Structures are given as C-alpha cells and as structure tokens.
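# coords below, sequence missing:
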C-alpha cells in the first residue's frame with residue numbers, strides 16, 4: 001500500500017489530504033526532467049526503500065504501489081521489491097511486466113528512449129488514474145489528480161500495459177499481460193490445492209502478522225484454514241450477525257484467542273460513515289451493468305464498508321504492527337455460480353465444455369470485481385492498510401480454469417463453489433453451504 005503522484009504541473013499541498021494515508025512511513029518528493037514525483041510509502045517488504053528509484057546510468061525512474069512476490073527470483077540480492085521492477089525492465093524490455101508476480105500499479109519513465117509505462121496487474125487490484133497530454137498527471141486517487149488539474153482522467157484497465165511517447169505525449173503501444181488458457185483438462189483438484197495454498201502463503205507479510213475479516217463463509221475460511229495449517233500467526237475478527245453462528249464458534253474453537261467476535265451498533269455505523277466522509281477517497285459501486293440492479297451506490301453507505309472500518313480499527317488497537325489485510329475478493333467473481341452470487345447475474349449458470357462460450361464473464365475483470373476492489377483499496381487506504389488478494393492470483397485462477405467442468409460444477413452434490421468447498425472438506429475446517437455475505 002503506497003500512494004503515487006506524478007505531475008508535470010505544480011502539486012499543491014492539499015493534494016496530499018487523502019492519498020498520504022496510503023503511505024504514512026515516508027513522503028518523498030523529487031523533480032526529475034521537469035516532472036514532479038511524489039511517493040507515500042507504507043513499508044512492508046525488504047529494507048525500507050524510498051521511492052522513486054532512479055537508475056542514473058540508464059536514465060530510468062520508477063515508482064509503484066503494491067507488492068512483487070517473486071522479486072528475489074528476479075533479483076536475488078534486491079533490498080526490496082521495487083528494485084526487481086527496474087531489473088526486469090532492463091532484462092526483458094517492454095514486456096517486463098509479464099515477468100512480475102504480484103499486485104501492483106507501476107509508473108516507469110525511460111527518458112533515454114523517451115517512453116512512459118503505466119501498468120496494472122491482471123485484475124487492477126490497485127487504483128491509478130492518469131491523463132497524458134500537454135501535461136502529465138498520474139495519481140493513485142482521482143481526487144488527487146483533480147486537485148492538480150481539473151481534467152478528465154482515465155483508470156488503468158486490468159491486465160494492461162500502456163506505453164506512451166514522452167515527446168508527442170501519445171499512446172504508442174499497449175499489451176495484455178496474461179492470456180488465460182481455457183483448456184479444461186485436469187481431472188483432480190490436486191494442482192488447484194497447491195496453487196491455492198501458495199497464493200495465500202506468499203502473501204503473508206514479512207515483518208508482521210496479517211488481519212483476516214473472518215466470516216462463516218468459504219473464502220475467508222480458506223485463508224484462515226491455510227494460515228492455521230501452516231502455523232502462521234494472524235488476527236481473525238468476526239461479526240456474528242448474519243453469519244452461521246455454529247460455524248463461527250467452531251472456527252473460534254480451532255483458532256483460539258487469535259479469533260475475536262465483534263458487534264457493530266447503529267450509532268457506530270454513523271460514526272464510521274462520518275469517518276469515511278472525512279478520511280477516505282470517495283467511491284461508488286457501479287451496478288448499471290446489472291439488469292436487476294441498474295444503479296450507482298455510494299460506497300460509504302454500505303454496511304460491509306462500515307463494518308470493515310471497525311474491524312481495522314480494533315485490529316490497530318490490538319496490534320499496531322498489523323498492516324496487511326487478507327481479502328477474499330476474486331473467489332466469488334471467478335469461482336461462484338450465478339445461483340449464489342450477484343443476484344443471479346454476472347458469473348456463469350454452469351461452466352460449459354467450451355469456456356470460450358462464457359469467458360470472460362462480466363464479474364471476471366469488471367462488475368463486482370471492480371466494485372469490491374474499490375471498497376477494499378479505498379477504505380483500507382484510509383487506515384494505512386495494505387490489502388492482499390490471494391483469490392486474484394494468476395496461477396490459482398489458471399489452475400481453476402484448467403479444472404474439468406464437472407469439478408467446477410459439483411462437489412458432493414452441491415454447486416456452491418465446489419473447488420473451494422472441496423478444500424475445506426479435505427482439511428476438515430468448518431464450513432456451510434450457503435452464501436451469507438459480509439453484511440452488518
């Protein structure tokens with residue numbers, strides 16, 4: 001979790017109001033080739049490294065928000081993950097993003113070649129807005145961009161790298177980072193289980209324990225199950241309201257004192273609404289794509305977001321060093337059937353023999369994937385929390401797509417996220433076959 005500002009225009013101090021909460025550990029401001037680079041650091045990985053990184057020998061400057069999980073594979077002696085980005089660019093050229101495994105947005109200038117890269121990970125888990133023209137304005141938050149220059153701004157698309165000519169200030173190239181293979185040829189969950197645990201474990205923070213918002217459902221339950229299986233410390237906070245209380249209590253019996261049950265009263269909801277209004281980047285959940293909803297909703301009004309505020313606040317009081325939140329976003333969007341998710345629209349009714357017939361379904365990259373990522377990123381950012389998304393892991397999703405349709409459609413007579421349910425069943429971790437939703 002960091003904040004990024006890049007601008008060829010002067011940046012007023014009031015531009016920092018919301019974005020600086022994303023990175024409380026350091027604010028760095030430099031001007032290079034008449035462009036201002038400002039970075040707000042939340043230090044989590046490797047040595048504390050001030051961004052942007054400047055490679056003077058090659059006239060390259062880079063800053064990013066997020067995590068690169070394979071940074072030691074790219075650069076074994078890297079002091080932190082940002083160095084692996086520059087190394088990958090020097091080694092692989094324009095296609096460097098294809099070699100990065102992580103959750104990120106990246107801004108990289110190569111002044112020697114007069115080109116600019118604006119890059120997202122596959123699901124655009126991190127926010128970034130930009131306008132490249134006569135002036136350059138790029139920032140993590142749209143409100144930050146508009147405080148620099150009242151203009152129209154674009155969001156980086158998921159799974160996309162954009163390359164601009166710095167002289168002409170025009171887009172000269174773009175490419176897709178990863179093309180999912182839709183061949184369904186795997187007859188067992190074995191490889192899926194390996195990828196699932198790897199996706200969770202590689203996101204475990206290096207120097208602190210993480211927070212898990214634990215419901216009675218499958219997604220957060222799988223995260224808790226895996227972390228507990230591998231004896232990884234974590235803090236688990238739950239609201240019992242609207243959950244299966246028997247499952248919650250069974251999970252508490254397994255997780256012990258690290259699992260805490262909470263309530264959220266109506267007066268607290270109002271207090272947290274006011275907190276978000278003061279401290280959080282505004283965001284809407286856009287349901288206009290959905291034929292049954294067709295509306296736009298203020299994210300600050302969502303009970304799930306107000307509940308997340310209390311959970312993070314309590315976690316900070318219990319352990320001030322907890323700065324990473326595990327999120328279950330991606331599991332429903334990729335692995336659930338319409339029957340159980342998004343009021344019957346946006347996923348699939350049945351995974352067919354030919355995935356090309358349905359891929360990508362609306363929620364895979366956009367829809368609820370986009371809406372819920374906003375909530376986690378903006379609310380988490382207001383508390384200086386980084387959110388990590390194991391169910392948005394490329395290798396995990398690829399293993400899911402490779403499963404034969406019968407494994408995606410049924411486990412023990414149920415089509416409630418069969419691949420995920422099978423993992424909980426195998427590990428004998430309490431679960432139930434009903435979608436409750438995180439709603440307090």
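Nice, I can see it. Everything numeric in this text was worked out from a predicted model, so none of it was measured.

# Tell me, how many residues neighbour residue 223?
Residues near residue 223, counting by other C-beta atoms under 10 Å, number 27. From N, CA and C alone the C-beta is placed, and that goes for glycine too.

# Mind listing what's buried along the helix or strand hosting it?
Secondary-structure element containing residue 223, defined by DSSP states H and E: helix 218-229. If you call a residue buried by 16 or more other C-beta atoms under 10 Å, then helix 218-229 has these buried ones: 218, 219, 220, 221, 222, 223, 224, 225, 226, 227, 228.

# And residue 42, how far from residue 20?
Counting by C-beta to C-beta, to the nearest Å, the separation of residue 42 from residue 20 is 11 Å.

# what about the two, which has more around it?
With other C-beta under 10 Å as the criterion, residue 42 and residue 20 differ in neighbour count, and residue 42 comes out ahead with 21 against 16.

# Any figure for the gap between the more buried one and residue 328?
Between residue 42 and residue 328 the distance is 21 Å, computed by C-beta to C-beta.

# Kindly report the same for residue 378.
As it turns out, when the distance is counted by C-beta to C-beta, residue 378 lies 17 Å from residue 328.

# same question, residue 133
Distance of residue 133 to residue 328, computed by C-beta to C-beta: 39 Å.

# Please identify which of the two sits among more neighbours.
A count of neighbours by other C-beta under 10 Å puts residue 328 above the other of residue 133 and residue 328, at 24 against 11.

# Let me know the secondary structure of that one.
coil (DSSP: H, G, I helix; E, B strand; the rest coil).

# Just the pLDDT for it.
The score at residue 328 is 96. That number is its pLDDT.

# What of the one 4 residues further on?
Residue-level confidence at residue 332 comes out at 96, pLDDT.

# In a helix, it, correct?
Yes. Counting by three-state DSSP, residue 332 is part of a helix.

# tally of neighbours for it?
Burial of residue 332 is recorded as 26 neighbouring residues (other C-beta under 10 Å).

# ok now do it, which residues does it touch?
Residue 332 sits next to 219, 340, 341, 342, 347, 363, 368, 417 when contact means C-beta atoms under 8 Å, 6 or more residues apart in numbering.

# And the strands in the stretch 51-200 of the chain, which stretches?
53-55, 60-68, 102-110, 115-120, 129-132, 136-139, 154-155, 160-165, 170-176 (DSSP state E, counting those that start in this stretch).

# As a markdown table, these with mean neighbour count would be great.
Putting the strands of the stretch 51-200 of the chain into a markdown table (neighbours: other C-beta atoms under 10 Å) gives the following:
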| stretch | mean neighbour count |
| --- | --- |
| strand 53-55 | 17 |
| strand 60-68 | 24 |
| strand 102-110 | 25 |
| strand 115-120 | 22 |
| strand 129-132 | 20 |
| strand 136-139 | 24 |
| strand 154-155 | 14 |
| strand 160-165 | 19 |
| strand 170-176 | 12 |
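
# if we compare those, which one ends up closest to residue 264?
strand 102-110 (28.0 Å; C-beta to C-beta).

# report the angle between the axes of the closest one and strand 115-120?
170 degrees (axes from the mean of the first three to the mean of the last three C-alpha atoms, to 10 degrees).

# Direction included, what does strand 102-110 pair against?
When pairs are called by DSSP bridges, strand 102-110 turns out to pair with strand 60-68 (antiparallel), strand 115-120 (antiparallel).

# Now do the shortest one: everything it contacts.
With C-beta under 8 Å, 6+ apart as the test, strand 115-120 has contacts from 89, 94, 97, 104-110, 126, 128, 130, 132, 136, 138, 156-166, 172, 177.

# follow-up on the earlier one: out of the strands of the stretch 51-200 of the chain, which gets nearest to residue 24?
Comparing the strands of the stretch 51-200 of the chain by their distance to residue 24 (C-beta to C-beta), the top pick is strand 60-68, with 13.8 Å.

# tell me the mean pLDDT for that closest one?
Here the average pLDDT along strand 60-68 is 96.

# what's the distance between that strand and the middle of its chain?
Taking the mean of its C-alpha atoms, strand 60-68 sits 15 Å from the chain's own mean (C-alpha atoms, centre = their mean, to the nearest Å).

# pretty sure residue 105 is in contact with residue 62, am I right?
No. Counting by C-beta atoms under 8 Å, residue 105 stays clear of residue 62, with 11.6 Å between them.

# So which residue is smack in the middle of the chain?
residue 125 (3.5 Å; C-alpha atoms, centre = their mean).

# helices and strands around the helix or strand of the chain with the lowest mean pLDDT, which ones?
Taking mean pLDDT, DSSP states H and E as the measure, the helix or strand of the chain with the lowest value is strand 284-286, at a mean of 92. In this structure, strand 284-286 makes packing contacts with strand 296-298, helix 367-382, judged by 3 or more C-beta pairs under 8 Å, 6 or more residues apart in numbering; DSSP states H and E.

# Pull up the pairing partners for it, direction included.
Strand 284-286 has the following strand partners under DSSP bridges: strand 296-298 (antiparallel).

# To residue 37, which of the strands of the stretch 51-200 of the chain lies closest?
Shortest separation from residue 37 across the strands of the stretch 51-200 of the chain is recorded for strand 60-68, at 6.2 Å, computed as C-beta to C-beta.

# I'd like to check the angle between the closest one and helix 367-382, please.
Regarding strand 60-68 and helix 367-382, their directions subtend 100 degrees when assessed with the same axes, to 10 degrees.
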